[in-house]
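Engineer: Attaching a predicted model along with its sequence, questions to come.
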Amino acid sequence: MRMSKSRIITFLHCPHRFKRKYIDGYKAKKQSCLLMSGQDKHIIFENAVKNAKTSLEVEQLVKSDKNYKKYSIDCNNFIEYQKQKDILPLYVEEELYDEELNIIGIVDRVECTKDGLLLIDYKTGKSSTNIAKYRFELALYAYLFEKLHNQRIAQWGIYFSTSGQLLKEGRSQAEIDKAVEKVRQVRRDIKTCEGSNDWPKKYTPLCNYCELFMSGDCKGEDGWLFGEED
């Protein structure tokens, strides 16, 4: 099976959800509003930067999007972020594939800075001060990008559009090695689940955002109180 960052994280969060979605082909009856709005915002940012030749044109394209007023806070933050840049990013929504790991990824943005290449993933939810929770995906994207383009990433980071915050840190080879090993370990764990036909459920606050739970196709553990994600 071809893997992705999302599939790996889904398995780590809940093997049962992974099986229902990616092996059984479950079609959700109800989607998360947060997921849908996040997809809308990504499309606005992607289309603007891909079709613009200057930061001014990015502003014009964002403001002309049909969903601009609906997501004006995020859009205006993104416009201000781009205005701070001298040039447009080198890569936008770059699709990355590694045959050895059989994994695909899409990096939102790679830009040139005075310190070297900066790899950025967009997040449209609430901001965070803890970059550690995003290191796996950032390190994995850096691995895929460097292998495909033979260019070294100097820094990676998360851009939170709702707050306009950029959280970044220097590239770490140790984190890249850990990410690659995590992909391999997940593949081994999937084979174990397939062999035993045991795909355990993991009950966490993330169940709140699971399409199985929202659609009533997976019941929470008895007595479980679903709270907000950390």
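Structural biologist: It's in. Being a predicted model, the structure only gives us computed values, none of them experimental.

Engineer: The helix or strand containing M36: what's the following helix or strand?
Structural biologist: Take DSSP states H and E as the rule and M36 turns out to sit in helix 33-51. If you walk from helix 33-51 toward the C-terminus, the next helix or strand you reach (DSSP H and E) is helix 55-64.

Engineer: Which other helices and strands does that following helix contact?
Structural biologist: With contacts taken as 3 or more Cβ pairs under 8 Å, 6 or more residues apart in numbering; DSSP states H and E, helix 55-64 sits against helix 33-51, helix 72-83. (Glycine included, C-beta is placed from N, CA and C.)

Engineer: Could you check the angle it makes with helix 72-83?
Structural biologist: On the basis of axes from the mean of the first three to the mean of the last three Cα atoms, to 10 degrees, helix 55-64 is oriented at 170 degrees to helix 72-83.

Engineer: what sits up against helix 55-64?
Structural biologist: For helix 55-64, contacts defined as Cβ atoms under 8 Å, 6 or more residues apart in numbering pick out 44-45, 47-49, 51-52, 68, 75, 78-79, 82-83, 85, 88.

Engineer: Apply 10 Å and report the result again.
Structural biologist: Identification of contacts with helix 55-64 by Cβ atoms under 10 Å, 6 or more residues apart in numbering yields 44-45, 47-52, 54, 68-69, 71-72, 74-76, 78-88.

Engineer: picking up where we left off before, lowest mean pLDDT across the helices and strands packed on helix 55-64, which one is that?
Structural biologist: Mean pLDDT per stretch puts helix 33-51 lowest among the helices and strands packed on helix 55-64, at a mean of 90.

Engineer: what's that one packed up against?
Structural biologist: helix 55-64, helix 72-83, strand 91-98, strand 103-113, strand 116-123 (3 or more Cβ pairs under 10 Å, 6 or more residues apart in numbering; DSSP states H and E).

Engineer: So how do I select the buried members of the contacts of helix 55-64 in PyMOL?
Structural biologist: Burial among the contacts of helix 55-64 is assessed by 16 or more other Cβ atoms under 10 Å; the matching PyMOL selection reads:
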select buried, resi 44+45+47+48+49+52+68+71+74+75+76+78+79+81+82+88
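
Engineer: for R109, what are its contacts?
Structural biologist: So R109 contacts 45-46, 49, 88-94, 118-122, 157, 159 (Cβ under 10 Å, 6+ apart).

Engineer: and with 6 Å instead?
Structural biologist: Applying Cβ atoms under 6 Å, 6 or more residues apart in numbering to R109 gives the contacts 89, 92, 120.

Engineer: Report pLDDT for the residue nearest the centre of the chain.
Structural biologist: The residue lying closest to the centre of the chain (Cα atoms, centre = their mean) is D121, at 6.4 Å. Per-residue confidence (pLDDT) for D121: 96.

Engineer: please begin residue numbering at 615 from this point
Structural biologist: I'll keep to 615 as the first residue from here, and by that count the last item is D735.

Engineer: Would you format the helices and strands packed on helix 669-678 as TSV with distance to Y757 included?
Structural biologist: Below are the helices and strands packed on helix 669-678 laid out as TSV (distance: least, Cβ to Cβ, whole Å):
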stretch	distance to Y757
helix 647-665	22
helix 686-697	26
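
Engineer: Ok, which of the ones you listed comes nearest V794?
Structural biologist: Of all the helices and strands packed on helix 669-678, helix 647-665 sits nearest to V794, with 25.8 Å by Cβ to Cβ.

Engineer: In PDB, list the C-alpha atoms belonging to the helix or strand of the chain with the lowest mean pLDDT.
Structural biologist: For the chain, using mean pLDDT, DSSP states H and E, the weakest element among its helices and strands is helix 825-828, scoring a mean of 83. Only the C-alpha atoms of helix 825-828 are listed here, as PDB (Å, rounded to 0.1, in the frame of the first residue of the first chain):
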ATOM      1  CA  GLU A 825     -15.600  10.700  10.700                       C
ATOM      2  CA  LEU A 826     -16.500   7.200  12.100                       C
ATOM      3  CA  PHE A 827     -17.500   8.700  15.400                       C
ATOM      4  CA  MET A 828     -19.300  11.800  14.000                       C
END
